Structure formats: C-alpha cells, structure tokens
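In: okay, predicted coordinates and the sequence, questions at the end:
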Amino acid sequence: MSVTSASRRDRRERMTLGVVITVGGAYVIRWPQRHELPSLAEKFEERGGIAGVVGAIDGTYICIPGPSIHRGSYVNRKGHPRFQLQVVCSKDLLFLDVVTGWPGSVHDSRVFRNCPLKERLETGLLPPGYHLLGDSAYQLTPYLMVPFRNNGNLNIVERTWNRGNLNIVERTWNRAHSSTRVSDIPVVIFAACLLHNFVILNAGVDEDDIELGDPGEDERDPDDPEHYENAENAVIKRRQLVLTLF
C-alpha cells in the first residue's frame, strides 16, 4: 500500500469515527435521568443485595503499541504500555459514563478525581439514597461505596459486604487491541464503547454474562492525599447498607 493510499485510509477512518461519536455520543452513552434511578437500583439489588446502586465504576487498561515518545508515562504497574479507561456500568452492562485518554501509569483514583463526573457527583448528581459501587482504588464518599479495608481484622459482616461488592466492569469489558497510532486511540476506545452500548440496546444482553466479582487486592493509591475514610456521612451510609444484607 502506498503512502498516499494509507493517508486516504487514515482520513476515512478518522471521519467515520468522528461521525459515530458525533451522532451517537449524546444518545448511546448517557447518564440516567432521575426517574430512571429506581429501576437501575432495583436490578443491582436483585442480583447483589445492595440497595441504591445505580452503577459500578472501575478502571481498566487498553493495550497500545509502545509509543516512542514519553513511553514511561504509558507503562502501567505491570510493565506494559497501556491507556486508562474508566467506565461506569449499569447492571445491564450499559456504559453510563466513559473517560479515556489518560496514560497507563496513572492510578484509577487520579483519573476519577480529575474527571467531570466526580465534579457532578460532588454537586448532587445523585440523590442521597443512591450511589455508585467501586473497588478499593476509590475513596469512600456518600455517592461511592467501596469495600472495607482489609487489615486482617474484618468481622463477618464486613467480609460479607466485601464479597458482595460488585465489580462487573472488568469482567464484561474486552480489552481493545489496536495498531492505531497513539494520538487516535482514545477516539477509537470511545467509539468502541458506543458500539458496545448500541449492540446491547438493540440486541439485549444474556443474564449469564453478568457475574459477581470477587474483591481483589488493595488497590489504593499511596500518593492520594484524600484517600482516607473519615467522611462521616459515607461511613454511616455504608454501615446502614451492610446491615440490610442480614
């Protein structure tokens, strides 16, 4: 293939991605309206027993070719070049919010701290009875419930909560592999997320594809100065939710 032909192909691909994102971005990936929250929460509670959950948040890595510039920024803690992808996922596996473009060396909690969704959550996006569910990478807040930190002294109630803490994002997201140049990869990832939702909205989803995740290792960011559990309202809320499991 000649350089000219390759350039035309690249332009066509970028134009196609632009159309997909422009047409579908506002309709296929969207945050639920308030009247939809009870239905979302009911589905999570039926499966995992935890009330008020409207979505599960998690970060995953997208494999990329090793960039020649600033390569170290893209290498994750396992030593591989990656892009970060943060998604909020419904129980039906629909992506409610997507953030991508951060290099793989960045911790999940930092991506969340700097994303538009966090700012909206801080200003009352979710009513008091609703929240997201995340793993130990995130800070406990009234709008984001996370596992109890396991220092070896958890009681049976706290261990039960941790086992029931849903983590469906990594289990349902097939990591994207692409030879696309690094500067275009976030656009490709977002387009893939749109297509993921489009398929589910039009073809449905098999219930067998939805699994309860097991709590993994403690993934707290040691460099996060805000990662502590002294948010009194959040602590009380989590304790009340724990008691509903028994």
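Out: Structure received. Residues are numbered from 1 along each chain as shown.

In: could I get the buried residue list for the top strand by length along the chain?
Out: Secondary structure of the chain per DSSP state E: the longest strand is strand 53-63. Buried positions in strand 53-63, judged by neighbour count with 16 or more other C-beta atoms under 10 Å: Val53, Val54, Gly55, Ala56, Ile57, Asp58, Gly59, Thr60, Tyr61, Ile62. (Each C-beta comes from the backbone N, C-alpha and C, glycine too.)

In: which one of those sits closest to Arg34?
Out: Nearest to Arg34 among those is Val54, at 10.3 Å by C-beta to C-beta.

In: where's the closest one relative to Arg77, distance?
Out: Val54 is 30 Å from Arg77, where distance means C-beta to C-beta, to the nearest Å.

In: count of neighbours near the nearest residue to Gly129 once chain neighbours are set aside?
Out: Spatial nearest neighbour of Gly129, excluding adjacent residues (C-beta to C-beta, 6 or more residues apart in numbering): Gly52 at 5.2 Å. A count of nearby residues for Gly52, using other C-beta atoms under 10 Å, gives 24.

In: show me what the longest strand of the chain is packed up against.
Out: helix 37-48, strand 82-89, strand 95-103, helix 108-113, strand 131-133, helix 169-172 (3 or more C-beta pairs under 8 Å, 6 or more residues apart in numbering; DSSP states H and E).

In: next helix or strand past that strand?
Out: Using DSSP states H and E, the helix or strand that follows strand 53-63 in sequence is helix 71-74.

In: quick one: mean pLDDT for that next one?
Out: Helix 71-74 comes out with an average pLDDT of 77.

In: buried residues in that helix?
Out: For helix 71-74, a neighbour-count test (16+ other C-beta under 10 Å) marks Tyr74 as buried.

In: lowest average confidence, helix or strand, in the protein?
Out: Least confident helix or strand of the chain, by mean pLDDT, DSSP states H and E, is helix 169-172 with a mean of 44.

In: immediately after that one, which helix or strand?
Out: Sequence-wise, the next helix or strand downstream of helix 169-172 (DSSP H and E) is helix 185-203.

In: got the buried residues for that following helix?
Out: Within helix 185-203, the residues that count as buried by 16+ other C-beta under 10 Å are 185-194, 196-197, 200.

In: quick one: buried residues of the helix or strand following it?
Out: Using DSSP H and E, the next helix or strand after helix 185-203 towards the C-terminus is helix 232-243. Within helix 232-243, the residues that qualify as buried are Ala234, Lys237, Arg238, Leu241, Val242, counting by 16+ other C-beta under 10 Å.

In: list just the nearest of these to Ala41.
Out: Ala41 has its nearest neighbour among the buried residues of helix 232-243 in Leu241, at 11.6 Å by C-beta to C-beta.
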